[in-house]
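Asks: Quick one, what's the 3D model for this:
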Amino acid sequence: MNLIVKQSLSNIIIIFFAFSLGALNTLLFYPSIIGAELYGIILILLAQSNIIQPIFSFGLQHTVIKFFSSVDSKKEKDKLLIFSLIFPLFVIIPLSILFIFNYNFIGTYLSTENPLIKKYIYLIVSIAISNAYFEIFYSWCKVQKKTVLGNFLKEFYQRLLITILLFLYFFDLIDFQYFTYLLIFGYYLRLIIIIFYSLSIYSPDFKIALPVNFKEILYYSLLIFLSGFGASIIIDVDAAMLGKLVQDELVAYYKVAIFIAAIIDSPSRALFQILNPLVAETINSNNILKLERLYKKSSSNLLLVSGFISVLICSNINDIYEIIYNLTSDTRFGFAIPVVFYICISKLSSSLVGCVNSIISNSKYYYTVPFFSLTSAISVIFLNIYLIDKIGFIGAAISTMIVIIFFNFLKLIFVMFKFNIQPFSKKTLYISILILSTYFIFYNLNTSSNYLINLAIKIILIFITYGSISYLLSLSDELFSSFKIYKKNK
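Replies: Reported below is the predicted structural model:
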């Protein structure tokens, strides 16, 4: 087993444990320890921080990955790395000064519905700066093919940090003010770790000089910055806008529902670590037939696995929320159950189009990526304003679903027009029927009056039904052949 496969497997395991710990934090520790209101405040502030982080990093973490291997000399590689550290300061310093001088105005604006937020908005910029430089140094590790520690720090560390702080708060060792201070400290400790690690595997010569292809680097960074900013808005704008438009506890209910649905993303996060370089390599070699095979396989495999997870979640949603009710003693979390369904639909639409984003961003049409990201972000904002006002916080989930489905369709048409390929096959139809039929069969099935027993039995039955039909219809040759190889090697 080579280095790449070993690291990929390690990263998948890390993501699994990170999601598990994140589930405990989201569904148990956050609501039961600090309550919905303070939980909502943390979510709002972190959402705001995640939105401005791409501005601070200016896409340079992606620029390092793209251009590091394109230059041969160590001198030029070092120039690129040093440039990636210095240039963000020209963005971070003036924006931070503006933030400080307008602190009261920003705090008042953000705390229209939530007055307590104003006291803690220092967390927004503090964590955004840390995250921006973490991503840049993590990209240094990626170009050296050292991803495991960075992935651990990015996925697992921050969730473990939250868990530790929540228990300190639970045992009255810190108050909420110190909770935010230690949260910031924890993020900067993570940054220090990745800095020392990245320098241990590659130490550049710290001389300030512009790279030879400076204009190309800056142009690419600008495009990636715009697309990354748009993408971060789509992910976090709901919580950020809800924080201004509704009460904190509703934000907490919303984010718990979002987290439950986001579990569907776990297969794609693992797959695209391997798939992205394959797509880039295939496009560079102009092998359209291989690209179409990757496109179809990514679509069918992601839809099959994501569909299975979505059936598990949606068919058992009432029992899942019974667990939340009993853990938090707050049945109002159930207000957000519709959010789970809307977000699940949007996630399935993204699985359906497979590696469409990788195809566009790695092709000569990468200049269209900011268009898709920014227009979808603007659409989400305006739809949120309209729908949240009309139907409440559920409107944020509906607007997200509408925008994601619509722009996935646009990307699908764009790739079909430019490359004359599409991801669908007979398996797409079979998998879609399997997902819908399994959901409708098991949603209203109640095997026990005890919600835990009912949940366990339904999970087993869904696994057997979904897995058996998938195997009999050979809906994923790659998936089941992997199981056979694993079984043989045991």
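Asks: Okay, helices next: where are they in the stretch 51-200 of the chain?
Replies: 60-68, 74-86, 89-101, 103-110, 122-143, 148-151, 158-170, 176-201 (DSSP state H, counting those that start in this stretch).
Asks: of the ones you listed, which approaches Glu292 most closely?
Replies: helix 60-68 (24.3 Å; C-beta to C-beta). Every residue, glycine included, has its C-beta placed from N, CA and C.
Asks: if we can go back for a sec, is it possible to export the helices of the stretch 51-200 of the chain to a markdown table including distance to Ile469?
Replies: Shown next, in a markdown table, are those (distance: least, C-beta to C-beta, whole Å):
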| stretch | distance to Ile469 |
| --- | --- |
| helix 60-68 | 40 |
| helix 74-86 | 49 |
| helix 89-101 | 52 |
| helix 103-110 | 49 |
| helix 122-143 | 39 |
| helix 148-151 | 34 |
| helix 158-170 | 34 |
| helix 176-201 | 43 |
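Asks: ok, of the ones you listed, where does mean pLDDT dip lowest?
Replies: Here the helices of the stretch 51-200 of the chain differ in mean pLDDT, and the lowest is helix 103-110 at a mean of 71.
Asks: can you give me the offset of that helix from its chain's centre?
Replies: 28 Å (C-alpha atoms, centre = their mean, to the nearest Å).
Asks: same question, stretch 210-221
Replies: The answer for stretch 210-221 is 28 Å, by C-alpha atoms, centre = their mean.
Asks: what comes up buried for that stretch?
Replies: Going by neighbour count (16 or more other C-beta atoms under 10 Å), the buried part of stretch 210-221 is 211, 213, 217-218, 220-221.
Asks: could I get these as JSON lines with distance to Val403, pLDDT and secondary structure?
Replies: Shown next, in JSON lines, are these (distance: C-beta to C-beta, whole Å; pLDDT from 0 to 100; DSSP: H, G, I helix; E, B strand; the rest coil):
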{"residue": "Pro211", "distance to Val403": "37", "pLDDT": "76", "secondary structure": "coil"}
{"residue": "Asn213", "distance to Val403": "35", "pLDDT": "76", "secondary structure": "coil"}
{"residue": "Ile217", "distance to Val403": "31", "pLDDT": "79", "secondary structure": "helix"}
{"residue": "Leu218", "distance to Val403": "30", "pLDDT": "79", "secondary structure": "helix"}
{"residue": "Tyr220", "distance to Val403": "26", "pLDDT": "75", "secondary structure": "helix"}
{"residue": "Ser221", "distance to Val403": "26", "pLDDT": "78", "secondary structure": "helix"}
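Asks: From these, pick the one nearest Gly150.
Replies: Nearest to Gly150 among the buried residues of stretch 210-221, with distances taken as C-beta to C-beta, is Ser221, at 20.2 Å.
Asks: Can you verify my assumption that that closest one contacts Ser57?
Replies: No: using C-beta atoms under 8 Å, Ser221 is not in contact with Ser57; the gap is 9.2 Å.
Asks: quick revisit: quick one, which of the helices of the stretch 51-200 of the chain is nearest to Tyr30?
Replies: Among those, helix 158-170 comes nearest to Tyr30, with 6.8 Å by C-beta to C-beta.
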